[in-house]
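Sequence first, then the predicted structure:
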Amino acid sequence: MTIDWMSLLVVAGVTVAVAAAVVGIFSLGLAALSAGADHGHRPDGLERAAAFACFAAVALIVLFGLYLIIPQFH
C-alpha cells in the first residue's frame, strides 16, 4: 500500500483552513453577541441577528462535514 503524499497534504491543508474559518466565524458571532457588554448594554437587533447568522453558518458547515464523513447519508 502506497501513500499519495500530495493528496494527504491537500486534505490536511483543507482541514486546517476550514477549521480556522469555522473558529473565525464562531468568534465573530461571539463578538457580535457581546458587543456593548463592557458598557452594560445588551446587543441590539442587528448585532443579535448577525451573531445568530454566524452561529447558523457554523452549524451548516459542521452538518455538511458530517454529511461528507458518514456514508449512510449519501
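Sure, I can see it.

Let me know the helix or strand that the residue nearest the centre of the chain is in.
For the chain, residue 22 is the residue whose C-alpha lies nearest the centre (C-alpha atoms, centre = their mean; 2.3 Å). Here residue 22, judged by DSSP states H and E, is contained in helix 5-33.

For the next helix or strand after that helix, enumerate the helices and strands it packs against.
Sequence-wise, the next helix or strand downstream of helix 5-33 (DSSP H and E) is helix 45-69. Judged by 3 or more C-beta pairs under 8 Å, 6 or more residues apart in numbering; DSSP states H and E, helix 45-69 is in contact with helix 5-33. C-betas here are computed from N, CA, C, even on glycine.

what's the angle between the helix it packs on and helix 45-69?
Interaxial angle of helix 5-33 relative to helix 45-69 (axes from the mean of the first three to the mean of the last three C-alpha atoms, to 10 degrees): 160 degrees.

And helix 5-33, what's buried?
Going by neighbour count (16 or more other C-beta atoms under 10 Å), the buried part of helix 5-33 is 25, 26, 28, 29, 32, 33.

now stretch 40-59
Those would be 43, 47, 50, 51, 54, 55, 57, 58, for stretch 40-59 by 16+ other C-beta under 10 Å.

got the contact list for the third one?
When contacts are counted by C-beta atoms under 8 Å, 6 or more residues apart in numbering, residue 50 is found next to 28, 29, 32.

can you list the residues you listed in JSON lines and add distance to residue 73 and pLDDT?
JSON lines is the format used below for those (distance: C-beta to C-beta, whole Å; pLDDT from 0 to 100):
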{"residue": "28", "distance to residue 73": "28", "pLDDT": "97"}
{"residue": "29", "distance to residue 73": "26", "pLDDT": "96"}
{"residue": "32", "distance to residue 73": "31", "pLDDT": "91"}
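
Looking at these, spot the one nearest residue 74.
residue 29 (29.7 Å; C-beta to C-beta).

wouldn't the closest one be in contact with residue 48 here?
No - using C-beta atoms under 8 Å, residue 29 makes no contact with residue 48, being 10.2 Å away.

Just give the nearest non-adjacent residue to residue 18, would you?
residue 61 (7.3 Å; C-beta to C-beta, 6 or more residues apart in numbering).

Done for today, thanks.
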